[in-house]
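*Asks:* sequence first, then the predicted structure, then my questions.
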There are 2 protein chains.
Amino acid sequence: MGEAGLLGEFDVIARLTQVQPTRPDVRLGSGDDAALLDASGSHLLVATCDAQVDGVHFIRGVATYEEIGHKALAVNLSDIAAMGAEPRWALISLLIPSELKMSDLDQVYTGMRALAGRYSVALVGGNISFISGPFCIDMTLLGAVSPDRVLMRSGAQPGDLILVTGKLGAAAAGVLWSVSATDPALLALLSPETRERTRKAMVAPLPAVAEGRAIAESRTATAMIDVSDGLAQDLWHICQSSHVGAVLEAEWLPIDRPVHEVARVYGKDTLDLALYGGEDYVLLCTAKEDSVATLLEAIQDAGGVGRIIGRVVDPSQGMKLRLADGELRPLEPRGWDHLAHNIYR
Amino acid sequence: MGEAGLLGEFDVIARLTQVQPTRPDVRLGSGDDAALLDASGSHLLVATCDAQVDGVHFIRGVATYEEIGHKALAVNLSDIAAMGAEPRWALISLLIPSELKMSDLDQVYTGMRALAGRYSVALVGGNISFISGPFCIDMTLLGAVSPDRVLMRSGAQPGDLILVTGKLGAAAAGVLWSVSATDPALLALLSPETRERTRKAMVAPLPAVAEGRAIAESRTATAMIDVSDGLAQDLWHICQSSHVGAVLEAEWLPIDRPVHEVARVYGKDTLDLALYGGEDYVLLCTAKEDSVATLLEAIQDAGGVGRIIGRVVDPSQGMKLRLADGELRPLEPRGWDHLAHNIYR
């Protein structure tokens, strides 16, 4: 197997696009100047893009190439899910360093195609370029949503309850032992199950696509966002957009079991991992109290684990965290900042 | 002015999205998980993406930051134009090295916004990430086209004439003196006008958006592509997709005047620059002989310079170039390969 850089641009494209997941509404996929897509009908087009950069969002060796491809699509699916939308079409832009092997790229596409197939996403185009630098995958994902179903960050109102669709902290726990603090003596104290579960949460998150659609269809939520930067940071985005405050209940946060084990071994605060760790890719939404039962049922039917974690309050109260003993602490709007941080640091 | 890396991700996004060109069909632009766009109606959605990488597609110093921003959008506009479509919405993904200044990014956006405004393109979203490597701008551009106007690479038939919408070779001439062979003694032989005209063609191409729309509206073309990789390479794409051959007339190629001067000074073949240089961003199309007059008029009305440069032939004849003396030479399907080349080499 040769290096990708030794094959021509068109050879690489031809090979990667040989078997492309498609959909009936794709009139023309890869192979021309642009893709042709049937977006007619009463739905709004939903568009998002997100990049994965070697050394910032993934590390080769910790993540397999298949997982890198999976995650590149997963993070974009999560943004589409957070609008209550249905994902449809993806465009993939690869920046390839000369040492990358064609077989590595094949694996990236294997991971991407498997996840695309699961959600009926068509890979309809893209671009390949050489880079004297890290391997990067940038993706634009397009979806569709009915205008009366769309969920933005801006609809939360004081009195609404705050919910998440799944567990928190596992990805941050994975970063902790696999990237930030790889002391072999501490590593040996973690069970293989804990390691693999938190590594998998970090490198191959499962986006809450079904949950997002179910929440939108239930018409019970008032605002929604996905937890990518970290619960506190993303809740702050809702607070900013909706002009509200929020109080989270520390005791109600659904923290993934292995997070406790990792936090204990590494002397970290479990709550810190759950609040500020990021990359959970669960959905964070708000809803009126009288529609929460319906909302929780919708999440459960979609395969998620819905949990009430706090309440929207008046904007003058800002963001707070209530501890088990009743103490109210300010909740800082911090999390993962992709410009300020780099997982190698 | 601080470095972009010293500002937080959200500060940089807030600053860059302060003044965003928009359109009435943008229901929600930057600032949520995804953009919401009204793509309803009978048009097909057209989607393309292209990346610009420092050291591969541009060199800081040769191109200003404003020109780098301009070009990132221009190359995508060219792909939309090549489908006969109207450009509408852009998503921009920036990969930012830590040394890049916020004022540099402002300039990139100034260049991008100016070109976006010219074609009523809305900047509706994007992504910013840190990179330990070269500055990269990846863009996805979405447009729309009526299904009965769309122009693909696959409709050319033997007997059709081959046309371009503008002059060839200037960008390749710019690369020659500014990047590949910067001998000061040779440089001094070029007039300042030749240098600036060829540099500008290389760093700030003007995409043939109006020409593409006019050609589509005239319903006279049978196939179309934009000349980005090089005339010979892009003609080969039409030949492959349409299962035809082609004969180009060397004498008919509209070669930009300064290209002759650069070729003479550097001892290069003018034809080589026009056929294999690439990045001309003119449109290459085919049409039946009896509709060529209408087609040429449409191009001229749109501000372009239409020229007949050859004829589509039977696939068994392959691609050929007829020289002034009547000699028929094989025309190699080569041009700019972004994986095999790197303008620093």
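*Replies:* Happy to help now that I have it.

*Asks:* any idea how far whichever residue of the stretch 1-150 of chain A sits closest to chain B is from residue A:111?
*Replies:* With Cβ to the nearest Cβ, the shortest gap between the stretch 1-150 of chain A and chain B falls at residue A:133, namely 2.4 Å. Glycine gets a C-beta too; all of them are placed from N, C-alpha and C. Residue A:133 is 22 Å from residue A:111, where distance means Cβ to Cβ, to the nearest Å.

*Asks:* close enough to count as contact, residue A:19 and residue A:113?
*Replies:* Yes - counting by Cβ atoms under 8 Å, residue A:19 does reach residue A:113; the two are 7.2 Å apart.

*Asks:* off-centre distance for the host helix or strand of residue A:13?
*Replies:* Assessed by DSSP states H and E, residue A:13 sits inside helix A:9-16. Distance of helix A:9-16 from the chain centroid (Cα atoms, centre = their mean, to the nearest Å) equals 29 Å.

*Asks:* and it, what other elements does it pack with?
*Replies:* helix A:102-118, strand A:122-130 (3 or more Cβ pairs under 8 Å, 6 or more residues apart in numbering or on different chains; DSSP states H and E).

*Asks:* buried residues in it?
*Replies:* A:9, A:10, A:11, A:12, A:13, A:16 (16 or more other Cβ atoms under 10 Å in any protein chain shown).

*Asks:* what about it, average pLDDT?
*Replies:* Mean per-residue pLDDT for helix A:9-16: 81.

*Asks:* who are the neighbours in contact with the residue nearest to residue A:230 when sequence neighbours are not counted?
*Replies:* In this structure, residue A:230 finds its nearest non-sequential neighbour in residue A:335, 2.6 Å apart by Cβ to Cβ, 6 or more residues apart in numbering or on different chains. The contact partners of residue A:335, taken as Cβ atoms under 8 Å, 6 or more residues apart in numbering or on different chains, are A:229, A:230, A:231, A:232, A:233, A:234, A:276, A:277, A:278.

*Asks:* and if you look at residue A:152?
*Replies:* Contacts of residue A:152 by Cβ under 8 Å, 6+ apart are A:83, A:223, A:224, A:241, B:28, B:32.

*Asks:* rerun that using 7 Å as the cut-off
*Replies:* Listed by Cβ atoms under 7 Å, 6 or more residues apart in numbering or on different chains, the contact partners of residue A:152 are A:223, B:28, B:32.

*Asks:* hang on, it in a helix?
*Replies:* No - counting by DSSP: H, G, I helix; E, B strand; the rest coil, residue A:152 is not found in a helix; it is coil.

*Asks:* thinking again about what came up before, just name the most buried of the helices and strands packed on helix A:9-16.
*Replies:* Looking across these with neighbours counted as mean count of other Cβ atoms under 10 Å in any protein chain shown, the highest average goes to strand A:122-130: a mean of 24.

*Asks:* contacts for that strand, please.
*Replies:* A:5, A:9, A:12-13, A:20-23, A:26, A:29-30, A:34-35, A:37, A:88-96, A:98, A:116, B:47-51, B:53, B:56, B:338-339, B:342.

*Asks:* filter these to the buried ones?
*Replies:* When the contacts of strand A:122-130 are checked for burial by 16+ other Cβ under 10 Å, the buried set is A:5, A:9, A:12-13, A:20-22, A:26, A:29-30, A:34-35, A:37, A:88-96, A:116, B:47-51, B:53, B:56, B:338-339, B:342.

*Asks:* so of the residues you listed, which ones are in strands?
*Replies:* Counting by DSSP state E, the part of the buried ones among the contacts of strand A:122-130 found in strands is A:26, A:35, A:37, A:88-96, B:47-51, B:53.

*Asks:* low pLDDT regions in chain A?
*Replies:* A:1-6, A:336-345 (pLDDT under 70).

*Asks:* and the strands in it?
*Replies:* A:26-28, A:35-37, A:44-53, A:86-96, A:122-130, A:136-145, A:161-164, A:221-226, A:245-249, A:283-287, A:307-313, A:319-322, A:328-330.

*Asks:* is chain B within reach of the first one?
*Replies:* Yes - contact of strand A:26-28 with chain B (Cβ under 7 Å from any Cβ of the partner chain) involves A:27, A:28.

*Asks:* contacts for that strand next, please.
*Replies:* Contacts of strand A:26-28 (Cβ under 7 Å, 6+ apart): A:35, A:36, A:37, A:38, A:89, A:122, A:124, B:44, B:152.

*Asks:* which one of those residues sits closest to residue B:272?
*Replies:* Nearest to residue B:272, judged by Cβ to Cβ, of the contacts of strand A:26-28 is residue B:152 at 28.8 Å.

*Asks:* measure the closest one to residue A:30 for me?
*Replies:* From residue B:152 across to residue A:30, the span is 13 Å (Cβ to Cβ).

*Asks:* identify the contacts common to those two.
*Replies:* In contact with both residue B:152 and residue A:30: no residue, using Cβ under 7 Å, 6+ apart.

*Asks:* and residue A:24, backbone torsions?
*Replies:* phi -60, psi -30 (degrees, to the nearest 10).

*Asks:* list, one by one, the residues from the stretch 51-200 of chain A near chain B.
*Replies:* By Cβ under 7 Å from any Cβ, the residues of the stretch 51-200 of chain A that approach chain B are A:51, A:53, A:55-56, A:79-80, A:82-83, A:89, A:91, A:93, A:95-96, A:124-134, A:136, A:138, A:140, A:142, A:150, A:152-153.

*Asks:* now do 8 Å
*Replies:* A:51, A:53, A:55-57, A:79-80, A:82-83, A:85, A:89, A:91-93, A:95-96, A:124-134, A:136, A:138, A:140, A:142-143, A:145, A:147, A:150, A:152-154 (Cβ under 8 Å from any Cβ of the partner chain).

*Asks:* domain assignment for chain A?
*Replies:* Dividing chain A into domains by automatic domain parsing, as the record does, gives the ranges A:4-145, A:161-330.

*Asks:* burial check on the residue nearest to residue A:251 when sequence neighbours are not counted, number of neighbours?
*Replies:* Excluding the flanking residues, the one nearest residue A:251 by Cβ to Cβ, 6+ apart is residue A:324, at 5.1 Å. Neighbourhood size, residue A:324 [other Cβ atoms under 10 Å in any protein chain shown]: 8.

*Asks:* next: residue A:217.
*Replies:* Neighbour tally, residue A:217, other Cβ under 10 Å: 13.
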